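**Q** quick one, fold the following:
(one chain, ligands or ions: 1)
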Amino acid sequence: SGYFTYDPGFVSTASCESGITFIDGANGTLLHRGYPIGQLAHHSSFTEMAYLLLNGELPSDEQYEDFSSRIRNHTMVHEQIANFFKGFRRDAHPMAVMCGVAGALSAFYHDNLDITQQHDRQVSAIRLIAKMPTLAAMCYKYNIGQPFMYPRNDLDYAENFLYMMFGNPCEEFRVNPVMAKAMDRILMLHADHEQNASTSTVRLAGSTGANPFACISAGIAALWGPAHGGANEAVLNMLAEIGDESEENIQRYVDRAKDKNDSFRLMGFGHRVYRNFDPRARVMKETCDEVLSELGMGDDPRLKIAKRLEEIALEDDYFVERKLYPNVDFYSGIILKALGIPTNMFTVIFAVARTIGWISHWNEMISSGARIGRPRQLYTGYTQRDYPTGE
Ligand code: CMC
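**A** Okay, here's the model as predicted:
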């Protein structure tokens, strides 16, 4: 119409100003508050990174202790939430349950919801970061018919999550440190990624003044799709479908991905912003090698298929010309599988990690006094016409 800029898929429109995460897709750079993701993944922890994303600076020792103990103190969820779970089918997809239970938090924690107050926003942020692993583990326990495990506040974030997933009331549970470290790293690598589809969803929902729990529920819904967070689950399903490690078989799947008449895509490949490499994928691949060898699973057939698939694709003109590289989710699923996490929980874990990104963006937006987000459109429907009255 000439009045608006038309940019389907937001390929070239900045929707906001933000000081949280910087991505240079051409050079494969990802910085959180200025720090490169590779350095954070190797030297920081998820809890420290959560403080950094939310508050802008790395915490002092004292600030870290305070932040970490506040998270530990909010890990439990209201007992009524257990009843809410019981209304779902046992075989419900955990992401379907997460959309509901995360949104339901707003029905329980409405004592600090004056979003104009920095204090209240911090309390909601802490509650969400603390309670998401509890809800995620409850989804899994409900699915397999085991009792919910109460959080243990002597454990750190990733350890506690693994405990609630794999512990049971009948025996003592020791968290494997290799597994806890791997989980912490997966959480760090998924913590934030500037204005991706789910974060933009959270911002748009939040711009109306909706409460933060409801906004996070909207983010979870957006994350679920296979083009976004659902990709890690899709990668594992794809590797299982490929099944056989033979060269011809793998090549057949690469050829299918290139065929425009076939809807099959190489899941875990390609990214809207990264056109050189995904820096998270490098750390993820390295972590995958480390974890599998430490767990004695170095010859896992899925890993072999994934590596060969990557090699074949990266030498293929189709992928080279379109600058398609493995993204963060290409290797994360293999690690999660090695940790004993079922495939349908992968995207839930992504949601646990991304909650810190979502809530940091929400907090940044609310504190900057942003206006309601209200995109316009190019109208392509009928021009005005008369209702048929039969006259
Ligand atoms: N396999 C085969 N061809 C592909 C793939 C793929 N995975 N990804 C893109 N292409 C082709 C696409 O067909 C198109 O070809 P042509 O120009 O000939 O029509 C070209 O590459 C450009 O693709 P696009 O779909 O226009 O790119 P996009 O920026 O709209 O989509 C994407 C990005 C990530 C949705 C897409 O690459 C994809 O579907 N990848 C697989 C799903 C996936 O791994 N998603 C996780 C993203 S990272 C984690 C996250 O942020 O959630």
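
**Q** hmm, Cys213 is touching Ser124, no?
**A** Not quite, residue 213 is Phe, not Cys. Yes. Here Phe213 lies in contact with Ser124, judged by Cβ atoms under 8 Å, at a distance of 7.2 Å. Bear in mind the C-beta positions are built from the backbone N, C-alpha and C, glycine included.

**Q** give me the domain ranges for the protein.
**A** 21-226+356-367, 231-338 (automatic domain parsing).

**Q** common neighbours of Phe213 and Ser124, please.
**A** Tyr109 (Cβ atoms under 8 Å, 6 or more residues apart in numbering).

**Q** and Ala130, how far is that from Asn83?
**A** 20 Å (Cβ to Cβ, to the nearest Å).

**Q** and if you look at Leu314?
**A** 50 Å.

**Q** cool, and Ile359?
**A** From Ile359 to Asn83 the distance is 26 Å (Cβ to Cβ).

**Q** so these two - more neighbours on which side?
**A** For Ile359 versus Asn83, neighbours defined as other Cβ atoms under 10 Å are more numerous around Ile359 (29 against 9).

**Q** so the host helix or strand of the more buried one, near the ligand or not?
**A** Per DSSP states H and E: Ile359 is located in helix 346-367. No. Helix 346-367 does not reach the ligand (Cβ under 6 Å from any ligand atom); its nearest approach is 7.3 Å.

**Q** run the chain-centre distance for that helix.
**A** Chain-centre distance of helix 346-367: 8 Å, with Cα atoms, centre = their mean, to the nearest Å.

**Q** which secondary structure elements does it sit against?
**A** helix 46-55, helix 94-108, helix 118-144, helix 177-189, helix 197-206, helix 212-223, helix 231-242, helix 329-338 (3 or more Cβ pairs under 8 Å, 6 or more residues apart in numbering; DSSP states H and E).

**Q** out of those helices, which gets nearest to Cys170?
**A** helix 118-144 (13.6 Å; Cβ to Cβ).

**Q** what packs against the closest one?
**A** With contacts taken as 3+ Cβ pairs under 8 Å, 6+ apart, helix 118-144 sits against helix 46-55, helix 61-72, helix 79-86, helix 94-108, helix 157-166, helix 212-223, helix 346-367.

**Q** before we move on, the earlier item: can you give me the buried ones in the helix holding Ile359?
**A** 346-366 (16 or more other Cβ atoms under 10 Å).

**Q** what about the helices in the stretch 251-391 of the chain?
**A** Along the stretch 251-391 of the chain, the segments classed as helices by DSSP state H, counting those that start in this stretch run 279-294, 301-314, 317-321, 329-338, 346-367.

**Q** what residues does the first one touch?
**A** Residues outside helix 279-294 that contact it (Cβ under 8 Å, 6+ apart): 28-30, 36-38, 41-42, 178-179, 182, 185-186, 189-190, 298, 300, 303, 325-328, 330-332, 334-335, 338-339.

**Q** what of the fourth one?
**A** Helix 329-338 is contacted from outside by 182, 186, 189-190, 231-233, 235-236, 239, 267-269, 281, 284-285, 287-288, 291-292, 295, 297, 300, 302-303, 306, 310, 343, 345-346, 349-350, using Cβ under 8 Å, 6+ apart.

**Q** ditto for the second one
**A** In this structure, residues lying in contact with helix 301-314 by Cβ under 8 Å, 6+ apart are 235-236, 239-240, 242-243, 245, 247, 250-251, 253-254, 257, 266, 269, 288, 292, 297, 319-320, 324-326, 330-331, 334, 337.
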